[in-house]
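>>> here is a sequence together with a model predicted from it:
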Amino acid sequence: MKRILLISAIGVCSLANAQNVLVWSTGNSSPGDTARIASNLMASGAFTSVTGVDDNTGMTQGYLNSFDRVLYFSNTSSGQDPTTVGDLLGGFAATGRRLVLATFSWADQGGNTLGGSIMGYSPFAVAGGSLYSNVTIGSTDGSAFWNGVNSINGFFHDNVSLANGATLRGSWSDGTALLANNGEVFGVNLFPDDIWGSVSGDFNQLFVNSLSTPVPEPASMLALGALLIPALRRRRARS
């Protein structure tokens, strides 16, 4: 039991100290501006480096896995293979590092909708075609993922359902899920590129938080720690 606690602590510290982020988009070439999203994240001061790449067919697992955290979103299909893209993202998720997925990953629009192994990690499942309507934040769980996020006005978001085992963190005003996580894989159900003026407010901070905020330990683990730590201290005192 003592070894489990030490391994868990090492894992949390590793995530907290990792600072190199990749913003990977597919189908978001001009007028889309993936590099500007990376610049906005970098300006938060939360990361050591943020790289923006729009690449439909040339991404490799080695390059993806060279980053500590990844934000991925799709736009038009542009000939990309959703299974290939999804398998690459699934390979990154399998490393246990932070992965954030955003609209249109669950669009039900063909090539730009994720498939492959990532769907076993995604906190959202496709529930229908994308939603094009004005929405605001409807409700949140009050967790640290919402620190500094006071309001968001959105338009592009996907019709999603919560995947088995995922934790809902917040919803849009139309009742659609906005933020959820399945372990270290997060779903942010909004389109992160504001080049079309379709999103405003504190959406960039929500992405910063989703990439950087540690996932809270389950209440059962916290209770276990509260019992074990005093016991370990007593054991050391006797020895």
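That came in fine, so what should we check first?
>>> quick one, phi/psi of the spatially most central residue of the chain?
Closest to where the C-alpha atoms of the chain average out (CA atoms, centre = their mean) is V100, at 2.0 Å. Main-chain torsions, V100, degrees, to the nearest 10: phi -120, psi 120.
>>> what is the burial count for the nearest residue to T57 once chain neighbours are set aside?
Distance criterion CB to CB, 6 or more residues apart in numbering; nearest residue to T57, sequence neighbours excluded, is Q80 at 6.4 Å. The way it works is simple: take the backbone N, C-alpha and C, and place the C-beta from them, glycine included. Other residues within reach of Q80, judged by other CB atoms under 10 Å, total 19.
>>> may I have the phi/psi pair for Q80?
Per degrees, to the nearest 10, the backbone of Q80 is at phi -70, psi 150.
>>> got a list of what it touches?
By CB atoms under 8 Å, 6 or more residues apart in numbering, Q80 lies in contact with 26-27, 56-57, 74, 111-112.
>>> what about the residues you listed, which are in strands?
Under the assignment DSSP state E, those contribute 26, 74 to strands.
>>> out of the contacts of Q80, which are buried?
26-27, 56, 74, 111-112 (16 or more other CB atoms under 10 Å).
>>> what's the closest of those residues to S122?
For these, the minimum distance to S122 (CB to CB) is 12.8 Å, reached by S74.
>>> in space, what's closest to the closest one - neighbours in sequence excluded?
N112 (4.0 Å).
>>> is it true that the one you found touches G79?
No. Assessed by CB atoms under 8 Å, N112 is found out of contact with G79, at 10.3 Å.
>>> now the residue nearest to T57: how far from E217?
Applying CB to CB, to the nearest Å, the value for Q80 to E217 is 37 Å.
>>> repeat that for T176.
For T176, the distance to E217 - CB to CB - is 28 Å.
>>> likewise N182?
Using CB to CB, N182 is found at 16 Å from E217.
>>> more neighbours: which of these two?
Counted by other CB under 10 Å, N182 and E217 do not tie: N182 has more neighbours, with 21 against 13.
>>> G120: which of the contacts of Q80 is nearest?
Proximity of those to G120 (CB to CB) peaks at S74, which lies at 18.1 Å.
>>> who's in contact with that closest one?
S74 makes contacts with 25-28, 80, 85, 104-105, 107, 112-114, as judged by CB under 8 Å, 6+ apart.
>>> out of those, which one sits closest to N159?
Nearest to N159 among those, with distances taken as CB to CB, is A107, at 8.6 Å.
>>> what residues are up against the nearest residue to S130 once chain neighbours are set aside?
With sequence-adjacent residues excluded and distances taken as CB to CB, 6+ apart, S130 is closest to A107, at 4.6 Å. Counting by CB under 8 Å, 6+ apart, A107 touches 74, 113, 126, 129-130, 158.
>>> change it to 10 Å
A107 sits next to 74-75, 77, 113-114, 126, 128-131, 156-160, 191 when contact means CB atoms under 10 Å, 6 or more residues apart in numbering.
>>> what would the contacts of Q80 look like in a markdown table with pLDDT and distance to L168?
Listed next are these as a markdown table, based on pLDDT from 0 to 100; distance: CB to CB, whole Å:
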| residue | pLDDT | distance to L168 |
| --- | --- | --- |
| T26 | 95 | 26 |
| G27 | 92 | 28 |
| N56 | 90 | 31 |
| T57 | 90 | 34 |
| S74 | 95 | 22 |
| G111 | 87 | 28 |
| N112 | 89 | 24 |
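>>> kind regards, and thank you for your time.
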